[in-house]
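Chemist: 3D model of this:
(2 chains)
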Amino acid sequence: MERLIVADDFARLYEEYLPRVLNYMRLRVDDEALAEDLTALTFERALAAWGGLRSQSAFGGWLFRIAHNTVAEYYRGRRPLASLDGLANVPADDAPAEQWVEQAEELLALRGALRALPERDQEVIVLKFVGGLGNEEIGRVMGLRAGHVAVLLYRALHKVRAELEKGKGDEQG
Amino acid sequence: MNRAEMVAAEKLSAEIDRRLRGEETAGGEGDLWSTVERLAAINRLFEPPDAALRQRMWARMQRAQSTARGWHWRAWPRAWATIALTVVLALAVIGASPRGRQAIAEVMGVFRLGRVEVRVTPRATVQPGVEHQVTRQEDLPNLAAAEELVGYELLTPMVLPEGYELRAVKAVYYDDLPAWIPQPFYIDLDYGPPTGDTHPYYLRLREYRVSFGGPGEGISALRFATGEVSMAEDVDLDGRHAVLLHLPGAAFPPAEVLLEVVWEQGGVVVELMSQELSAEELVAVARSVR
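Modeler: Numbering: from 1, shown residues only, chains lettered A, B, ... in the order given. From the prediction side, this is the model:
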């Protein structure tokens, strides 16, 4: 006789979404400890409201709406940080040193480009590429129609490309 | 926004979604698509949260939840508190009889053992959730091999029924559990007569590793999905709270019931099971576990 161990669905979803929510926070704030703190707060709030979630298939969008509100609440009380110092504390995984440097540089470049964008453009890109959300879900988080999200994303991507090219030009110059 | 831009935006969005799902994609405007590819890899540039961080955050969530529950309790009006107290007293009265205890065991099989909450739930009432099953089992040559595997000294009974000895040591894995839960998930120590029937429930001591760590860490609830629980009662193991369960649906023939004592000791959840010993004998063995 072997027992079945029944784990809560929340634990499974926590495992699945933790890396993405943490990365979302890492891109929204500069300090690693603060990113962890806001991530923990997001999951605390999600767990407290878990009973009210009607469908688990909507979990991703619902969770990122909580994450979005948590960051917004944080910034309402503080001015956004301008420095990128915290980035040095974000190492890549078990990669060799050269690869680590490349990854850190790439992350620095992308993060720098994102930070140059207006708040709303940053949010749509982070929700799409870090959160992996569809346009409908992003629309629910940001209070926009899906069609509007597509256009916002399209324009934001052009801006990121321009910022990345500008960054490359600055490096070469 | 003009019509052409909207069409291009929606087309690009659809391609990005396909790319993020790992499906084949036609890409998009050359330079813009290389930006998409760079952004699509952004999650891999970050260090993934390690086991310690996952567990720390999980523990923080659990603490926040229990604090919130405490606040609600304090916020209850006095009338509700009185009603709740009446219900608790009624349950206590019902629990004084064997039939009552059985009814309570079937409806409310929840026991707090130190930091660990054990829910014993008849299968029919198990809430929908993820059911994890044993993925592999490893036979180990002796106790020392098991201790080497888990990295600490295992608990063992100091008193055994006459003629019993350690017959088998097994490490049991649930590989699909979250990564921060240590594997093997538990160790089984099977005791019994050196010869004869080889069924494992002469006496089996099972030690889970899940509650290792500081206070508040580890799994807070284990829900054992059993076929049936006919009786559950609190027992005292020389000052340590334990629960004695009668599981009629879990035994090997010809026995009719499997008896089990569950408790927490030194951060480890322990189950002691037998279909050969009486409840008194099983509890005596449980008291000797060090």
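Chemist: quick one: stretch A:103-113 near chain B?
Modeler: Yes - using Cβ under 8 Å from any Cβ of the partner chain, we find that stretch A:103-113 touches chain B at A:Gln103, A:Glu106, A:Leu107, A:Leu110. All C-beta spots, glycine's among them, are computed from the backbone N, C-alpha and C.
Chemist: where is pLDDT lowest across the residues you listed?
Modeler: Looking at the residues of stretch A:103-113 next to chain B by pLDDT, the weakest one is A:Gln103, with 79.
Chemist: which element is that one on?
Modeler: Element membership of A:Gln103, judged by DSSP states H and E, is helix A:97-115.
Chemist: buried residues in that helix, which are they?
Modeler: Of all the residues in helix A:97-115, those buried under the rule 16 or more other Cβ atoms under 10 Å in any protein chain shown are A:Gln103, A:Ala104, A:Glu106, A:Leu107, A:Leu108, A:Ala109, A:Leu110, A:Arg111, A:Gly112, A:Ala113, A:Leu114.
Chemist: repeat for stretch A:64-74
Modeler: A:Phe64, A:Arg65, A:Ile66, A:Ala67, A:His68, A:Thr70, A:Val71, A:Tyr74.
Chemist: run the chain-centre distance for that stretch.
Modeler: The chain centre lies 11 Å from the centre of stretch A:64-74; the measure is Cα atoms, centre = their mean, to the nearest Å.
Chemist: how about residues contacting that stretch?
Modeler: The contact list for stretch A:64-74, computed with Cβ atoms under 8 Å, 6 or more residues apart in numbering or on different chains, reads A:21, A:24-25, A:28-29, A:34, A:38-39, A:41-42, A:45-46, A:49, A:123, A:127, A:131, A:133, A:137, A:140-142.
Chemist: the helices in the chain, which residues?
Modeler: Chain wasn't specified; assuming chain A. Applying DSSP state H to chain A gives helices spanning A:9-28, A:32-49, A:59-77, A:97-115, A:119-129, A:135-142, A:146-172.
Chemist: my question was about chain B, not that one.
Modeler: Using DSSP H, the helices assigned to chain B run over residues B:3-20, B:30-40, B:42-45, B:51-75, B:78-95, B:98-107, B:143-150, B:279-287.
Chemist: quick check: closest non-adjacent residue to the residue of chain B found nearest chain A.
Modeler: Closest approach between chain B and chain A, counting by Cβ to the nearest Cβ: B:Ala9, at 3.6 Å. With sequence-adjacent residues excluded and distances taken as Cβ to Cβ, 6 or more residues apart in numbering or on different chains, B:Ala9 is closest to A:Tyr154, at 3.6 Å.
Chemist: same question for B:Val283.
Modeler: Spatial nearest neighbour of B:Val283, chain neighbours left out: B:Val235 (5.6 Å); criterion: Cβ to Cβ, 6+ apart.
Chemist: what's around the one you found, how many residues?
Modeler: 17 (other Cβ atoms under 10 Å in any protein chain shown).
Chemist: with the one 5 residues further on instead?
Modeler: The tally of other residues near B:Arg240 (other Cβ under 10 Å) stands at 16.
Chemist: which residues does it bridge with?
Modeler: Beta bridges link B:Arg240 to B:Leu237 when assigned by DSSP bridges.
Chemist: how about it, what does it touch?
Modeler: B:Trp263, B:Glu264, B:Gln265.
Chemist: next one: A:Leu38
Modeler: For A:Leu38, the contact set (Cβ under 8 Å, 6+ apart) comprises A:Met25, A:Arg28, A:Val29, A:Ala67, A:Thr70, A:Val71, A:Tyr74.
Chemist: surely B:Glu281 touches B:Pro161?
Modeler: Yes - if you go by Cβ atoms under 8 Å, B:Glu281 and B:Pro161 touch, sitting 6.4 Å apart.
Chemist: between those two, which has more neighbouring residues?
Modeler: Set side by side, B:Glu281 and B:Pro161 show more neighbours around B:Pro161, with 18 against 15, by other Cβ under 10 Å.
Chemist: could you list the domains of chain B?
Modeler: B:3-45, B:136-287 (automatic domain parsing).
Chemist: span of the longest one from start to end?
Modeler: Using Cα to Cα, to the nearest Å, the end-to-end distance of domain B:136-287 comes out at 31 Å.
Chemist: then the first one?
Modeler: As for domain B:3-45, its first-to-last residue distance stands at 36 Å under the measure Cα to Cα.
Chemist: got it, and stretch A:125-136?
Modeler: 14 Å.
Chemist: can you tell me the residue of chain A closest to chain B?
Modeler: A:Tyr154 (3.6 Å).
Chemist: dump the residue contacts of that residue.
Modeler: B:Glu5, B:Ala8, B:Ala9, B:Leu12, B:Ser13.
Chemist: buried subset of those residues?
Modeler: Buried among these by 16+ other Cβ under 10 Å: B:Ala8, B:Ala9, B:Leu12, B:Ser13.
Chemist: how far away is A:Gly60 from A:Gly139?
Modeler: Using Cβ to Cβ, to the nearest Å, A:Gly60 is found at 13 Å from A:Gly139.
Chemist: A:Pro118 now?
Modeler: Note on A:Pro118: its distance to A:Gly139, by Cβ to Cβ, is 18 Å.
Chemist: do the same with A:Ala35
Modeler: As judged by Cβ to Cβ, A:Ala35 and A:Gly139 stand 25 Å apart.
Chemist: any low-confidence regions in the chain?
Modeler: No chain was given, so I picked chain A. Scanning chain A for pLDDT under 70 picks out A:1-8, A:51-56, A:77-99, A:170-173.
Chemist: look at chain B instead
Modeler: Within chain B, the segments meeting pLDDT under 70 span B:1, B:65-133, B:178-181, B:198, B:210-230, B:249-255.
Chemist: A:Phe59 touches A:Tyr14, doesn't it?
Modeler: No - counting by Cβ under 8 Å, A:Phe59 does not reach A:Tyr14; the two are 10.3 Å apart.
Chemist: these two: who's more crowded?
Modeler: Neighbour tally, A:Phe59 and A:Tyr14, criterion other Cβ under 10 Å: the higher count belongs to A:Tyr14, 20 against 17.
Chemist: which residues does the closest residue to that one other than its chain neighbours contact?
Modeler: Leaving aside its sequence neighbours, A:Tyr14 sits nearest to A:Phe43 (Cβ to Cβ, 6+ apart; 6.2 Å). A:Phe43 makes contacts with A:Tyr14, A:Leu18, A:Val21, B:Met57, B:Met61, as judged by Cβ under 8 Å, 6+ apart.
Chemist: burial count for the fourth one?
Modeler: So the one you mean is B:Met57. B:Met57: 24 neighbours (other Cβ under 10 Å).
Chemist: so it makes contact with A:Leu18?
Modeler: Yes - between B:Met57 and A:Leu18 there is a contact under Cβ under 8 Å: 7.1 Å.
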